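Enquirer: Take this sequence and fold it.
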Amino acid sequence: MKFSIIIPFQEPSEYLYECLDYIQRQSYTNYEVILLPDRQKIQMLKLVQHDISSVKVIPTGQVGPAEKRDRGIHKATGEILAFIDDDAYPDKDWLKNALKYFIDPEISAVCGPGVTPSSDDIFQQASGWVNALWLGSGGAGTYRFTPQERRFVDDYPSMNFLVRKEDFEKAGGFDTHFWPGEDTKLCHDLVYILKKKIIYDPKVLVFHHRKPLFLPHLRQISRYALHRGHFARILPATSFRIGYLIPTFFVLFLTVGFLISLNFIALLPLYLGVIILYLGLLTGNIFYVILKTRSILIAVLSGCGIVLTHVIYGLLFPIGFLKKSLKQ
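Expert: Numbers count the residues shown, from 1 in each chain. Below is the predicted model:
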């Protein structure tokens, strides 16, 4: 089988060249690379230096990632579409480890974790830990960010997602009305409309650079929260789940519970008890990160990031739920 590796981006970056370096090292070599920049003026010299035998550069103009990917697919000649972000890079056996699953016609797509690279700075590392801890990732699942046991899934991000081109086209491709969330819509249609399977394997591994704490991380979280809230209404099979609802319940508890406890003093111990429990869980996660990283700073930053993530997500999720439509 031939893979078409599809990478959308705006302008070339060092992360992109790093990604191409690692693609060049793949143990499975039957692939092409489709690059989707905004403009034609891309540093072709650097791309040639990567010595990838089959590279297609398709300028798309200033459109969203979903539309970029859809345009790239029209030029893809592989049976398998391999989506990866320009700020990620694959393990050398990425394609090889995914290939075996496509022998089974019932499996439509394969995915794997996006692990935070050790080269990321402390603010990126802390952001990565927010995602990798259960208290931080909640409904998304820690397996998206750390290698865990193999399983079937019904929702997965396109930063590490490989899918049969035939099934992708049957599902209607990416819905370009959504970003982020176009991958959630695609996965929903593959599993619940086409009745196919998506398998997660920890060996289908990429390394994904994180948005640093605090503002870039929180901007990304705000987009996720709005779209997940919207999908909870229109695609409840994959998005109306307790893990995605908990942050909103938490924010409501903090605000409404505070006002109620002021008027009903008998409820104040219960209110304070829940807050103490939350802080205890947060402290436990901070100490866990200290043990793993040997860095108090990364641990404290990740703890602050978890709290802010919960608040931002909890506030915006219901707004997304109530919106009739979302802009990209």
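
Enquirer: Please verify my assumption that Gly181 contacts His230.
Expert: Yes. Contact between Gly181 and His230 holds when scored by CB atoms under 8 Å: they sit 7.5 Å apart. (Each C-beta comes from the backbone N, C-alpha and C, glycine too.)

Enquirer: Looking at the two, which has the bigger crowd around it?
Expert: Relative neighbour count places Gly181 above the other of Gly181 and His230, with 26 against 23, counting by other CB atoms under 10 Å.

Enquirer: Buried residues, stretch 144-162. List them.
Expert: By neighbour count with 16 or more other CB atoms under 10 Å, stretch 144-162 contains the buried residues Arg144, Phe145, Thr146, Val153, Asp155, Tyr156, Pro157, Ser158, Met159, Asn160, Phe161, Leu162.

Enquirer: any chance you could map the strands in the stretch 51-200 of the chain?
Expert: For the stretch 51-200 of the chain, strands defined by DSSP state E, counting those that start in this stretch occupy the ranges 55-57, 80-84, 88-90, 107-111, 114-115, 151-153, 160-164, 197-200.

Enquirer: Turn these into JSON lines, columns for mean pLDDT and distance to Val130.
Expert: Rendered in JSON lines, the data for the strands of the stretch 51-200 of the chain read as follows (pLDDT from 0 to 100; distance: least, CB to CB, whole Å):
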{"stretch": "strand 55-57", "mean pLDDT": "87", "distance to Val130": "35"}
{"stretch": "strand 80-84", "mean pLDDT": "98", "distance to Val130": "22"}
{"stretch": "strand 88-90", "mean pLDDT": "98", "distance to Val130": "18"}
{"stretch": "strand 107-111", "mean pLDDT": "98", "distance to Val130": "21"}
{"stretch": "strand 114-115", "mean pLDDT": "98", "distance to Val130": "14"}
{"stretch": "strand 151-153", "mean pLDDT": "97", "distance to Val130": "21"}
{"stretch": "strand 160-164", "mean pLDDT": "98", "distance to Val130": "19"}
{"stretch": "strand 197-200", "mean pLDDT": "98", "distance to Val130": "21"}
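
Enquirer: Export these to JSON lines and append columns for distance to Asn30.
Expert: Compiled in JSON lines, the strands of the stretch 51-200 of the chain are given as follows (distance: least, CB to CB, whole Å):
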{"stretch": "strand 55-57", "distance to Asn30": "15"}
{"stretch": "strand 80-84", "distance to Asn30": "10"}
{"stretch": "strand 88-90", "distance to Asn30": "15"}
{"stretch": "strand 107-111", "distance to Asn30": "16"}
{"stretch": "strand 114-115", "distance to Asn30": "24"}
{"stretch": "strand 151-153", "distance to Asn30": "26"}
{"stretch": "strand 160-164", "distance to Asn30": "14"}
{"stretch": "strand 197-200", "distance to Asn30": "21"}
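
Enquirer: Among these, which comes closest to Asn263?
Expert: Between Asn263 and those, the shortest separation by CB to CB is 44.9 Å, and it involves strand 151-153.

Enquirer: ok now that closest one, how far from the chain's centre?
Expert: On the basis of CA atoms, centre = their mean, to the nearest Å, the separation between the geometric centre of strand 151-153 and that of its chain is 16 Å.

Enquirer: likewise stretch 150-168?
Expert: Here stretch 150-168 shows a centroid-to-chain-centroid distance of 12 Å under the convention CA atoms, centre = their mean.

Enquirer: my read is Ile5 is in a strand, agree?
Expert: Yes. Following the definition DSSP: H, G, I helix; E, B strand; the rest coil, Ile5 is counted among the residues of a strand.

Enquirer: and it, what does it touch?
Expert: Taking CB atoms under 8 Å, 6 or more residues apart in numbering as the criterion, Ile5 is in contact with Ile23, Tyr31, Glu32, Val33, Ile34, Ala82, Ile84.

Enquirer: Swap in 10 Å and give it another go.
Expert: 19-20, 23, 26, 31-35, 52, 54-55, 72, 76, 78, 80-84, 90, 94-95, 162 (CB atoms under 10 Å, 6 or more residues apart in numbering).

Enquirer: How about the contacts made by the closest residue to Pro147 other than its chain neighbours?
Expert: Counting by CB to CB, 6 or more residues apart in numbering, Pro202 is the residue found nearest to Pro147 once chain neighbours are left out, at 3.4 Å. Taking CB under 10 Å, 6+ apart as the contact definition, Pro202 lies against Asn97, Gly112, Pro113, Val115, Tyr143, Thr146, Pro147, Gln148, Glu149, Arg150, Arg151.

Enquirer: Look up how far Glu106 lies from Pro202.
Expert: In this structure, Pro202 and Glu106 are separated by 21 Å, where distance is defined by CB to CB, to the nearest Å.

Enquirer: With that, I have no additional questions.
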